[in-house]
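J.: here is a sequence with its predicted model. Questions after.
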Amino acid sequence: MNRAWARDTTRESPRTELSVLEQVLAGARVEGEVFALRPDYRAVLLAVDGLVPGPSDTVAAGEAVIEHPDAGEVVWCDEAGVTCRRWNWRQGRRTRLREDTTTALFILDALAPMTDEALHAAAEDLATRLGRLGPDVRTARRLLDAGTTPYTGA
């Protein structure tokens, strides 16, 4: 796939419904320092909406812990703060999936030797499995890599 943006056409929905997912993906970026560190870094962002809420396992005795990134550490973040550290997902209380979650963003990271084909296959497999969770599930994807340009519209 040569485009930085792809729409999941297997579960097509009206443009107005999908545009919220597109807006989330359009704002995504990877800082140049990441590519300076790992030029082979790629990520497929998979936004999903329409999940049917249901039960899930939770940590009953878990305690809130606040961690701060080290200077120069690679992180995923949004306007409210860090959501992921050290190339691994860590359960953040603010961004975790819960029993009532209906919309989510999955980040599928890849480094060499993983191929682009394997990365896209993993995203397709996840989208297919998520689609089985409810009749109204919609997904949208965006590839971020060293050649990605800012999203300017569909």
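T.: Arrived safely.

J.: the helices in the chain, which residues?
T.: Residue ranges of the helices in the chain, as given by DSSP state H, are 15-26, 32-37, 116-131.

J.: identify whichever of those helices lies nearest to residue 83.
T.: Put simply, out of the helices of the chain the one that sits nearest residue 83 is helix 15-26, at 13.1 Å, with distance taken as Cβ to Cβ. (Each C-beta comes from the backbone N, C-alpha and C, glycine too.)

J.: and that closest one, what's its mean pLDDT?
T.: Mean pLDDT, taken over the full extent of helix 15-26, equals 71.

J.: got it, and stretch 76-84?
T.: 74.

J.: same check on stretch 108-116?
T.: Mean pLDDT, computed over stretch 108-116, is 95.

J.: send the alpha carbons of that stretch over as CSV?
T.: Coordinates of the C-alpha atoms in stretch 108-116 are reproduced here as CSV (Å, rounded to 0.1, in the frame of the first residue of the first chain):
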residue,chain,number,x,y,z
LEU,A,108,0.2,-1.7,15.5
ASP,A,109,3.9,-0.9,15.5
ALA,A,110,6.5,-2.6,13.3
LEU,A,111,10.3,-2.6,13.1
ALA,A,112,12.6,-4.6,10.8
PRO,A,113,12.6,-7.5,10.1
MET,A,114,8.7,-7.3,10.0
THR,A,115,7.6,-6.6,6.5
ASP,A,116,5.0,-4.1,5.4
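
J.: what sits against residue 137?
T.: Residue 137 sits next to 11, 48-51, 130-131 when contact means Cβ atoms under 8 Å, 6 or more residues apart in numbering.

J.: could you dump the residues you listed into JSON lines with neighbour count added?
T.: What follows is the contacts of residue 137, written out as JSON lines (neighbours: other Cβ atoms under 10 Å):
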{"residue": "11", "neighbour count": "19"}
{"residue": "48", "neighbour count": "24"}
{"residue": "49", "neighbour count": "18"}
{"residue": "50", "neighbour count": "19"}
{"residue": "51", "neighbour count": "18"}
{"residue": "130", "neighbour count": "20"}
{"residue": "131", "neighbour count": "17"}
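
J.: which among the residues you listed gets closest to residue 106?
T.: Minimum separation from residue 106 among these (Cβ to Cβ) is found for residue 48, which lies at 7.1 Å.
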